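*Asks:* Got a sequence here, can you model it:
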Amino acid sequence: MAKKTALVVGSTGIVGLTLANRLISQEDWNVFGLARNPSASTDIQPIAADLLNTGQLQSALNGIKPTHIFLTSWLRNSTEAENIRVNSAMVRNLLNAVSASGSVEHVALVTGLKHYLGPFENYGKGTLPATPFREKQGRLDVENFYYAQEDEVYAAAARDGFSWSIHRPHTVIGFAVGNAMNMGVTLAVYASICRETGRPFVFPGSSAQWNGLTDMTDARQLASHLQWAATTHAARNQAFNVVNGDVFRWSWMWSELAEWFGLRAEPYPDHPTPLELQLADAAPIWTNIADKYELVEPDLRRLVSPWHTDADLGRPIEVVTDMSKSRKLGFLDYQATDESFFDLFTRLRKEGLIP
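*Replies:* As a prediction, the model looks like this:
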């Protein structure tokens, strides 16, 4: 069987790193990892490039002929208009840069549930589709950079003749450092600070999230789904939700996380207690913890993204995601979400990132 060549864009992030490692473990993939500052690896072939620098991008990709492209990267900006301008340009520039090679067979784009919930400026506000979210539910009548990214993929596919897939995970749990949206690591650091200082371990989100049903997406589940869609004929030119397959309430999960860290989960205080406030003074505390336990990352800002965790846990509605479309086409993988957290925490401890 001829080897496939993957170009994983955003290869240092939660999704990209997990996907790249999955593919290199299999004999039929060559894997290139593109990032502004790619990690050195004997297996992932690094490509250093800024997606907004077309000249640099063309030079970096010269001679590389990917068969499969996985777009897992985005940049956060201060407004949704800027998100649209910047993130659509990143997708457009990348697909223009590889167009001349004529090698691309499939492009997979990772977006998320903001397809249904709206962008951060209007997150969970206004008229929202009923849960569980299903792929056939149309776009909201708001500006959304996810829609702009999709449109760039559709336009390039029509021009160059490749197939595509869109992947909409819920909050992703996985290993990465310096990631802009990283609830798992954020909660691990928060719990470690609470244990070390004696602070109460308080759920930061809304009563709707505390009491309602929700789901999440393990990065390993998403990586498996990305590979499946890219290599399954029936999944071509389709948009998919992708979650673990279980549902839970944070009123239960919070106690599970507390127990793992040897903490007592505080009763819900009947109002949000955002992590941005709880961790506002935590930078020097974390530096001291890192020094005490000889941790590898003393900079709290490299580990936590409280704004993102607050946005997800502060939503005023329960969020449940339908996976029937993938199941009907043959994707049957399942992952328990509590074990996703525990596996991540175990690795963080092993890597010397938490005590």
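*Asks:* What is the burial count for residue 243?
*Replies:* Around residue 243 there are 30 other residues, counting by other CB atoms under 10 Å. C-beta here means a position set from N, CA and C on the backbone, and glycine is covered the same way.
*Asks:* er, residue 139 actually
*Replies:* With other CB under 10 Å as criterion, residue 139 counts 11.
*Asks:* Same check on the one 10 residues further on?
*Replies:* Burial measure for residue 149: 23 neighbouring residues, criterion other CB under 10 Å.
*Asks:* In which helix or strand does it reside?
*Replies:* helix 145-160 (DSSP states H and E).
*Asks:* gap between that helix and the chain center?
*Replies:* 20 Å (CA atoms, centre = their mean, to the nearest Å).
*Asks:* In the stretch 201-350 of the chain, what residue spans correspond to strands?
*Replies:* Secondary structure of the stretch 201-350 of the chain by DSSP state E, counting those that start in this stretch: the strands cover 213-214, 217-218, 238-242, 248-249.
*Asks:* Rounded mean pLDDT for the last one, please.
*Replies:* Translated: strand 248-249. Model confidence over strand 248-249 averages 98 on the pLDDT scale.
*Asks:* Burial check on residue 55, number of neighbours?
*Replies:* For residue 55, using other CB under 10 Å, the count is 10.
*Asks:* Ignore what I typed, I meant residue 238.
*Replies:* Per other CB under 10 Å, the neighbour tally for residue 238 reads 17.
*Asks:* what does residue 334 give?
*Replies:* Neighbour number of residue 334 under other CB under 10 Å is 11.
*Asks:* That one touches residue 242, doesn't it?
*Replies:* No - with contact defined as CB atoms under 8 Å, residue 334 does not count as touching residue 242 (11.8 Å).
*Asks:* Look up how far residue 259 lies from the most centrally placed residue in the chain.
*Replies:* The central residue of the chain, meaning the one whose C-alpha is nearest the mean C-alpha position (CA atoms, centre = their mean), is residue 172 at 4.5 Å. In this structure, residue 172 and residue 259 are 23 Å apart, going by CB to CB, to the nearest Å.
*Asks:* for the longest helix along the chain, which positions count as buried?
*Replies:* The longest helix of the chain (DSSP state H) is helix 80-99. Taking 16 or more other CB atoms under 10 Å as the basis for neighbour counts, the residues of helix 80-99 that come out buried are 80, 83-84, 86-98.
*Asks:* now the helices: where do they sit in the stretch 101-250 of the chain?
*Replies:* Along the stretch 101-250 of the chain, the stretches classed as helices by DSSP state H, counting those that start in this stretch are 114-117, 145-160, 183-197, 207-211, 219-231, 250-260.
*Asks:* Which of those helices sits closest to residue 36?
*Replies:* With CB to CB, the closest approach to residue 36 among these belongs to helix 145-160: 18.1 Å.
*Asks:* Just the buried positions in that closest one, please.
*Replies:* Residues of helix 145-160 classed as buried: 145-150, 152-153, 156-157, 160 (neighbour count, 16+ other CB under 10 Å).
*Asks:* That one to strand 238-242, inter-axis angle?
*Replies:* Orientation check (axes from the mean of the first three to the mean of the last three CA atoms, to 10 degrees): helix 145-160 against strand 238-242 gives 140 degrees.
*Asks:* Just the C-alphas of helix 145-160, formatted as CSV.
*Replies:* What follows is the C-alpha trace of helix 145-160 in CSV, where atoms were taken according to Å, rounded to 0.1, in the frame of the first residue of the first chain:
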residue,chain,number,x,y,z
PHE,A,145,-15.1,32.7,11.7
TYR,A,146,-15.9,29.0,11.6
TYR,A,147,-18.3,29.7,8.7
ALA,A,148,-15.6,31.7,6.9
GLN,A,149,-13.0,28.9,7.4
GLU,A,150,-15.5,26.4,6.0
ASP,A,151,-16.2,28.6,2.9
GLU,A,152,-12.5,28.7,2.2
VAL,A,153,-12.3,24.9,2.2
TYR,A,154,-15.3,24.6,0.0
ALA,A,155,-13.9,27.1,-2.5
ALA,A,156,-10.5,25.4,-2.7
ALA,A,157,-12.2,22.0,-3.0
ALA,A,158,-14.3,23.2,-6.0
ARG,A,159,-11.1,24.6,-7.6
ASP,A,160,-8.7,21.7,-6.9
